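Engineer: Below: sequence and its predicted model.
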Amino acid sequence: MPLTFNLATIWAALVGTATGVVYMFNTFASAADVERIEVRLIKADIREVRAELREYPDDERLLEELEELIDELCTVKPDDRECR
């Protein structure tokens with residue numbers, strides 16, 4: 001039994017594919033957006049750790065956490081002023 005496609009079937013497939021592609025572009029963030037969000041989250045964590053360090057300046061755990069966060073930031077965005 002041979003498969004036959006008529007114009008309506010082909011048109012429906014094209015419209016369905018186009019709709020799916022448009023949906024994906026509108027729904028999912030681009031790589032640049034994801035990177036910006038990640039940088040903002042890391043910087044917020046850095047601010048929180050620095051605020052805690054003002055209270056407990058000799059806390060080795062906080063100092064180590066700050067260093068790890070700065071390393072993570074520099075991996076994601078090496079040109080950030082925190083990485084200089």
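Structural biologist: Nice, thanks for sending it over.
Engineer: what about the residue nearest the centre of the chain, distance to Val76?
Structural biologist: Centroid-nearest residue in the chain, with Cα atoms, centre = their mean: Val34, separated by 2.3 Å. Val34 is 10 Å from Val76, where distance means Cβ to Cβ, to the nearest Å. In short, each C-beta sits where N, CA and C put it, glycine included.
Engineer: for Ala12, same thing?
Structural biologist: Taking Cβ to Cβ, one finds Ala12 at 43 Å from Val76.
Engineer: The two: which is more packed in?
Structural biologist: Val76 (14 against 11; other Cβ atoms under 10 Å).
Engineer: list the contacts for the more buried one?
Structural biologist: Glu35, Glu38, Val39, Ile42 (Cβ atoms under 8 Å, 6 or more residues apart in numbering).
Engineer: what about Leu38, helix or strand, and which?
Structural biologist: You called it Leu, but residue 38 is Glu. Taking DSSP states H and E as the criterion, Glu38 maps to helix 31-55.
Engineer: same question for that helix, mean pLDDT?
Structural biologist: For helix 31-55, mean pLDDT is 89.
Engineer: Check which helices and strands it is in contact with.
Structural biologist: helix 60-76 (3 or more Cβ pairs under 8 Å, 6 or more residues apart in numbering; DSSP states H and E).
Engineer: The helix it packs on to helix 31-55, inter-axis angle?
Structural biologist: Angle of helix 60-76 versus helix 31-55, following axes from the mean of the first three to the mean of the last three Cα atoms, to 10 degrees, is 160 degrees.
Engineer: Pull out the buried positions in helix 60-76.
Structural biologist: For helix 60-76, burial by neighbour count (16 or more other Cβ atoms under 10 Å) applies to Leu62, Glu65, Leu66, Leu69, Ile70, Leu73.
Engineer: Look up how far Lys77 lies from the residue nearest to the centre of the chain.
Structural biologist: 12 Å.
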